[in-house]
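Undergrad: Sequence and predicted model, in that order:
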Amino acid sequence: MVDLATRYLGLDLKNPLVPSASPLSKHLDSARRLEDAGAAALVMHSLFEEKIEEEDARLARFFHQQSLGHGEADSFHPIPDSYTSYEEQYLEQLQTLKASLEIPVIASLNGTTPGGWVSYAKSLQAAGADALELNVYYIPAGPNEDCCAVENRYLEVLTAVREQVSIPITMKLSAQFSSPVHFAVRLEEAGADGLVVFNRFYQPDINLDTLEVTPQLALSSSEESLMRIRWLAILYGRTNCSLAITGGVHNIRDVLKSLLVGADVTHMCSALLRRGPGHIATLLKSLAEWLEEREYESVEQMKGSVSQHNATDSAAFLRANYVNVLDSYQPPPGVQW
C-alpha cells in the first residue's frame, strides 16, 4: 500500500492534506468531520489583534466612560460574570480542539503591533498549539516605504516571536515580494521553520449605486494555484524550511501538481467550504490511486520531482513560459480575429 505520510514543521503527518484557516475550525463538530475525512492537521481561523483592541475599547467605553447622570452612581459599572472575551473564546476553542482531536492543531495569528505579536503568540503556545502560523497581512501603501522596509517588517515580527516561543513557526507570505527566494532565505536565517505560499489578499469592491468601497469575499479557483505552484517549484531545494501551498487547491490535479513541485503539505479552504469536509476523503482516495497506478511507493518519492531543480526543462518555470505561451493561444470555435 502506498505511503501518504509527509513531514511539516517537524510534525509527522499521515498525509499532505491540511485544511487552512477557515470558519470550519470555529466549531468542534466541523473540525471532527475534517479529521474523520482524513485531514492530517488543522490550521485554526486567525486570531486578529484588531478585534481584541476593538473589543477592549468598546468595553472601556461601556464600563468606564459612560455617565449615569447621578453623581453617587457614576462609580457603579455592572460587569457580567459570564462574559468571555474574543481572545478567551479563541484560546478556549484551541484548547477544545487539542483535547478532542488526535491531529496537530496549528494556531494562526494576525497581529498589528510588535507587542501584540509576541504577547498573543505566547498565549497560543501556552494554550497548546502544536505550531504557529504568522499571518502577516500588510498593505505597504506609503510612498516612502521601500521593498527593504517591507521585508524588514516581516523579519522583525518573526524575530520577536521566535525569541519568545519554542513551537515551530511558519510564515504566511504575500505574493508581492520583489525577490521571493532571497526573502525566503532571510526568513529561514531569522528562525522560520516553514513558509506558506501564498496568502490571498481579498480585494475591496466598489458599489456603483452608493459609490462606496465595500468588502468582497470571493472563493478561490484552481487557476490561482498556478502562480503558487510556480514559485514553490523555484523555492524547492533553495531553503530548508517546510513548504506549504495555499490558495487555489481544489481538486486532485491541484494536489498532485503541488506535491510534484515540492510542497510538504497542501492547504485548502475554498474547496472545503464549497464541498464540505468529506471532500478530503475523495482527494486522498484519488491521491493513493494515482500513486499506485504510476508505481510510486510514497508521497516522499514524488515530492519535488518536477521542481525547477529536477524538471526536464527548468527554464519552463522562468521567462521561457512567458515567451512561448503567448504564441500558443488559438481563438475558440466561431471566433474570428
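TA: That came in fine, so what should we check first?
Undergrad: Arg186: how many residues sit nearby?
TA: Counted with other C-beta atoms under 10 Å, residues neighbouring Arg186 total 15. (Glycine included, C-beta is placed from N, CA and C.)
Undergrad: Torsion angles phi and psi at Val18?
TA: Dihedral pair for Val18: phi -130, psi 110, per degrees, to the nearest 10.
Undergrad: Just to be sure, Asp12 is in a strand?
TA: Yes - counting by DSSP: H, G, I helix; E, B strand; the rest coil, Asp12 falls inside a strand.
Undergrad: Report the beta-bridge partner residues of it.
TA: Arg7 (DSSP bridges).
Undergrad: can you pull out the strands in the stretch 101-250 of the chain?
TA: In the stretch 101-250 of the chain, the strands defined using DSSP state E, counting those that start in this stretch lie at 105-110, 131-135, 169-173, 194-197, 205-207, 212-214, 242-245.
Undergrad: Of all those strands, which one is nearest Lys303?
TA: Smallest distance to Lys303 across the strands of the stretch 101-250 of the chain (C-beta to C-beta): 9.5 Å, for strand 242-245.
Undergrad: moving C-terminal of the closest one, what's the next helix or strand?
TA: helix 252-261 (DSSP states H and E).
Undergrad: on that earlier part again, the strands of the stretch 101-250 of the chain: which one's closest to Leu124?
TA: Set against Leu124 and scored by C-beta to C-beta, these come closest in strand 105-110, at 4.2 Å.
Undergrad: Run the chain-centre distance for the closest one.
TA: How far strand 105-110 lies from its chain's middle: 9 Å, per C-alpha atoms, centre = their mean, to the nearest Å.
Undergrad: Equivalent analysis for stretch 36-44, please.
TA: What separates the centre of stretch 36-44 from the centre of its chain is 14 Å, taken as C-alpha atoms, centre = their mean.
Undergrad: just to revisit the earlier point, looking at the strands of the stretch 101-250 of the chain, which is closest to Ala320?
TA: Smallest distance to Ala320 across these (C-beta to C-beta): 21.3 Å, for strand 194-197.
Undergrad: which helices and strands sit right next to that closest one?
TA: Judged by 3 or more C-beta pairs under 8 Å, 6 or more residues apart in numbering; DSSP states H and E, the packing partners of strand 194-197 are strand 169-173, helix 180-189, helix 225-235, strand 242-245.
Undergrad: That strand - which strands sit beside it in the sheet, and in what orientation?
TA: Applying DSSP bridges to the sheet, strand 194-197 is found paired with strand 169-173 (parallel), strand 242-245 (parallel).
Undergrad: Quick check: chain neighbours aside, which residue is closest to Ile252?
TA: Closest residue in space to Ile252, ignoring its immediate chain neighbours: Ser286 at 4.0 Å, by C-beta to C-beta, 6 or more residues apart in numbering.
Undergrad: Can you list the neighbours in contact with the helix or strand hosting the one you found?
TA: Assessed by DSSP H and E, Ser286 sits inside helix 279-293. For helix 279-293, contacts defined as C-beta atoms under 8 Å, 6 or more residues apart in numbering pick out 1-2, 4, 15, 17, 19, 34, 37-39, 251-252, 255-256, 271-272, 297-299, 302.
Undergrad: same deal with stretch 206-225?
TA: Contacts of stretch 206-225 (C-beta under 8 Å, 6+ apart): 200, 202-205, 245, 247-251, 253-254, 257-258, 269-270, 273-274.
Undergrad: Going through the residues you listed, which ones are buried?
TA: Among the contacts of stretch 206-225, those buried by neighbour count (16 or more other C-beta atoms under 10 Å) are Arg200, Ile245, Gly247, Gly248, Val249, His250, Asn251, Asp254, Lys257, Ser258, Cys269, Ser270.
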